[in-house]
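1. sequence and predicted structure are below.
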Amino acid sequence: MTLVAVLLLAACTEKAAPAAAAPGVPAKVETAEYVVSLVDAKATGGAVVITARPPLHVNPDYPTAFKPDPGGAKFEGERVALTPDAKKPCEKADETCEVHAALPWTASAGQLVAGTVLFSVCQPEKCLIEKVRVGVTLP
């Protein structure tokens with residue numbers, strides 16, 4: 001292979017840079033009770049991942065949603081319902097410890113994608129209703 005062919009092959013197979021945390025807005029928020037992340041960000045959307053830390057579980061009865069910040073990426077509505085497309089069970093099979101939900105948007109390179117994730121995590125004695133702001137700047 002010639003040097004030009006090798007350079008062309010390398011340029012074509014180079015992976016896109018991952019999205020960076022937005023200035024002043026973390027892509028991932030961790031507490032003693034949960035972890036919330038905005039992941040897989042690209043121009044057409046990404047995903048929200050909510051992980052409950054034991055002994056908590058993600059509340060399946062709470063209407064989990066994403067409320068976008070004004071400006072930046074375009075969303076379908078002022079509040080986007082988050083429907084889990086993947087779930088990870090807890091030790092108790094009837095409880096979910098992690099949910100992954102697709103979040104569609106339209107954005108350009110360098111544009112901010114940010115907003116507030118609304119969700120609930122529970123244990124038998126009580127539930128916490130949370131609002132966590134996350135964001136990324138698209139590469």
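-> Here it is on my side, so go on. Residues are numbered from 1 along each chain as shown.
2. low-confidence ranges in this structure?
-> The chain contains residues with pLDDT under 70 at 1-23, 93.
3. hey, where'd the helices end up in it?
-> Ranges of helices in the chain, per DSSP state H, are 3-13.
4. what's the neighbour count on the nearest residue to residue 71 once chain neighbours are set aside?
-> Spatial nearest neighbour of residue 71, chain neighbours left out: residue 112 (7.4 Å); criterion: Cβ to Cβ, 6 or more residues apart in numbering. C-beta: built from backbone N, CA, C; applies to glycine. Neighbour count of residue 112, defined by other Cβ atoms under 10 Å: 17.
5. what's the separation between residue 112 and residue 90?
-> 34 Å (Cβ to Cβ, to the nearest Å).
6. wait, what's in contact with the residue nearest to residue 71?
-> 22, 25, 69, 71, 72, 73, 135, 136, 137 (Cβ atoms under 8 Å, 6 or more residues apart in numbering).
7. ok, it to residue 78 distance?
-> 17 Å.
8. just to revisit the earlier point, weed out the non-buried ones from the contacts of residue 112.
-> Buried residues within the contacts of residue 112, defined by neighbour count using 16 or more other Cβ atoms under 10 Å: 22, 25, 69, 72, 73, 135, 136, 137.
9. for those, give me JSON lines that also has distance to residue 124.
-> Shown next, in JSON lines, are these (distance: Cβ to Cβ, whole Å):
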{"residue": "22", "distance to residue 124": "37"}
{"residue": "25", "distance to residue 124": "33"}
{"residue": "69", "distance to residue 124": "35"}
{"residue": "72", "distance to residue 124": "39"}
{"residue": "73", "distance to residue 124": "38"}
{"residue": "135", "distance to residue 124": "33"}
{"residue": "136", "distance to residue 124": "35"}
{"residue": "137", "distance to residue 124": "40"}
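10. closest one to residue 38 out of these, please.
-> residue 136 (5.5 Å; Cβ to Cβ).
11. is the closest one bridged to anything, and to what?
-> Residue 136 forms beta bridges with residue 21, residue 113, as assigned by DSSP bridges.
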